[in-house]
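Peer 1: Next one to model:
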Amino acid sequence: MKSGTDLGDKPGIFYALPQTWIKVDIVVNKTEYLAGPYAEFAGKYLDLENVSTNNYNEYVISDVKLSTIAKPDPENYYFVEVDDKILKENKAVIISLAESGLASGVNGSLSETTTKDLAKGIIGEESAYQDLFQYFAETNLYEKSDTIIRKVVVDTISVVKMYLEKRWVEKSSEQKAVEAANKISTIRENRYNLITGYHEIPYEAGAISYMDQQLKNLEHEYMSLFTGITIEKTIRYSFTVLPEPDDSSGEMPVCIFSERSGVKDLNAAGGKRVYVRFETNETNQHLITAIKAREQVAMDNHGFYYRIPATSLVTLEVNDDIVVRGNFQIAQFGTISYLPSSITAVQFHPETGGIKNLILEK
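Peer 2: Residues are numbered from 1 along each chain as shown. Prediction:
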């Protein structure tokens, strides 16, 4: 509807033609590495190499899906005037609209499709991790004993007294690492004794297997104090992109992806942009030309306006590598036409605004 249009008190309703949005769903696998608190001593006490002492994250895009959603086009709202003759004759006019104002059809019993806005959702990430490094510094203090010697003079007689003074001193990181390394050695020795039958106790096979597994778990927990812990997460993102009519053979940025920081907004620094590219064929060009020529012929009464969408090959690329592609009907890449005013029974595709069913009466 053009701005400044004066409808006065004309009876009728408004309806909108849809515009097509591209919805991009991205699934990212996040690998989070938490360095062990004794990582710097892994080589010295356990002879482990290439153990990282820093926390870091790695991200990999595991899945991408493209789909379309329809929303009302703010530039294409139309007013349907109800004829006074219909009102006076008490005739029924059924106009089906979706909640958003998109037209589904006129006359008859037509199904309604509701178009809802779909916003971006990021699975929140927890910043605290519980039950990790369970055996980290079970006791942070240890008892230290010092021998104190005092010389006491009583009536010119020297007496030497000795006594112990005890106090609690905080352990250093290396002392804690040594204790953890000794625990690992003890656990391995106990596993060896269990498997070789050192205790000479006729355990059942199930009992031996259970005890061995528990020792393995205990060893793994202590080893993680040196080697660190790896946590796997799956994060899902959703973006919507509005293709402009002038971008029918171009590209639009969606987000930024980095293997170190994951998916970020377009205004963030670092990483590379993820693009959606459009390739629209020219098969509809002759039809568009014919429709524009038709519109130059003045008509007093127009019927319902509808869209003729165009088929576009939509490709999503990450780092210039094709991830996914598909053919979609893009409403705004096509053109808009109108029906004769004599046609009053029609059903539309709510997703594209194109004609679905049409009844021609003799």
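Peer 1: okay but Ala331 is in contact with Arg307, surely?
Peer 2: Yes. The pair Ala331 / Arg307 is scored as a contact, 5.0 Å apart, by C-beta atoms under 8 Å. In this view, the C-beta of every residue, glycine as well, is placed from N, C-alpha and C.
Peer 1: So those two - more neighbours on which side?
Peer 2: The neighbour count for Ala331 versus Arg307, taken as other C-beta atoms under 10 Å, is higher for Ala331 (28 against 25).
Peer 1: Can you spell out which helices and strands pack onto the host helix or strand of the more buried one?
Peer 2: Using DSSP states H and E, Ala331 maps to strand 321-340. Packing contacts for strand 321-340, counted by 3 or more C-beta pairs under 8 Å, 6 or more residues apart in numbering; DSSP states H and E, involve strand 12-34, strand 56-81, strand 272-280, helix 285-295, strand 302-318.
Peer 1: Output that strand in CSV with nothing but the alpha carbons.
Peer 2: The C-alpha coordinates for strand 321-340 follow below in CSV (Å, rounded to 0.1, in the frame of the first residue of the first chain):
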residue,chain,number,x,y,z
ASP,A,321,34.1,-24.7,1.7
ILE,A,322,30.6,-25.6,0.6
VAL,A,323,28.8,-27.0,3.7
VAL,A,324,25.1,-27.3,2.5
ARG,A,325,23.0,-26.1,-0.4
GLY,A,326,19.3,-26.4,-1.4
ASN,A,327,16.7,-24.9,-3.8
PHE,A,328,14.2,-22.6,-2.2
GLN,A,329,11.3,-20.5,-3.3
ILE,A,330,12.2,-16.9,-2.5
ALA,A,331,9.1,-14.6,-2.6
GLN,A,332,10.8,-11.3,-3.0
PHE,A,333,13.1,-12.6,-5.8
GLY,A,334,10.1,-13.0,-8.0
THR,A,335,7.4,-10.5,-8.9
ILE,A,336,3.9,-9.3,-7.8
SER,A,337,0.8,-9.6,-10.0
TYR,A,338,-2.9,-9.3,-9.5
LEU,A,339,-6.1,-11.2,-10.3
PRO,A,340,-9.1,-9.9,-12.2
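Peer 1: Can you list the strands that it pairs with?
Peer 2: According to DSSP bridges, strand 321-340 has the following sheet partners: strand 302-318 (antiparallel).
Peer 1: and the strand it pairs with with strand 56-81, angle?
Peer 2: Relative orientation of strand 302-318 versus strand 56-81 (axes from the mean of the first three to the mean of the last three C-alpha atoms, to 10 degrees): 170 degrees.
Peer 1: Give the buried residues for strand 302-318.
Peer 2: 303-310, 312, 314-318 (16 or more other C-beta atoms under 10 Å).
Peer 1: orientation of it relative to helix 285-295 in degrees?
Peer 2: Going by the same axes, to 10 degrees, strand 302-318 makes 150 degrees with helix 285-295.
Peer 1: relative to strand 12-34, how tilted is strand 302-318?
Peer 2: Using the same axes, to 10 degrees, strand 302-318 lies at 10 degrees relative to strand 12-34.
Peer 1: Using PDB, list the CA coordinates for strand 302-318.
Peer 2: Taking C-alpha atoms only, strand 302-318 is exported to PDB below (Å, rounded to 0.1, in the frame of the first residue of the first chain):
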ATOM      1  CA  HIS A 302      -7.800  -4.900  -9.500                       C
ATOM      2  CA  GLY A 303      -8.500  -8.200  -7.900                       C
ATOM      3  CA  PHE A 304      -6.300  -9.800  -5.200                       C
ATOM      4  CA  TYR A 305      -2.600  -9.200  -5.500                       C
ATOM      5  CA  TYR A 306      -0.300 -12.200  -5.200                       C
ATOM      6  CA  ARG A 307       3.300 -13.100  -5.600                       C
ATOM      7  CA  ILE A 308       5.100 -15.200  -8.200                       C
ATOM      8  CA  PRO A 309       8.200 -16.500  -6.300                       C
ATOM      9  CA  ALA A 310      11.500 -17.300  -7.900                       C
ATOM     10  CA  THR A 311      13.600 -20.400  -7.400                       C
ATOM     11  CA  SER A 312      17.000 -19.800  -5.900                       C
ATOM     12  CA  LEU A 313      19.900 -22.000  -5.200                       C
ATOM     13  CA  VAL A 314      21.000 -21.200  -1.600                       C
ATOM     14  CA  THR A 315      24.500 -22.200  -0.500                       C
ATOM     15  CA  LEU A 316      26.000 -21.700   2.900                       C
ATOM     16  CA  GLU A 317      29.800 -21.500   2.900                       C
ATOM     17  CA  VAL A 318      32.400 -21.700   5.800                       C
END
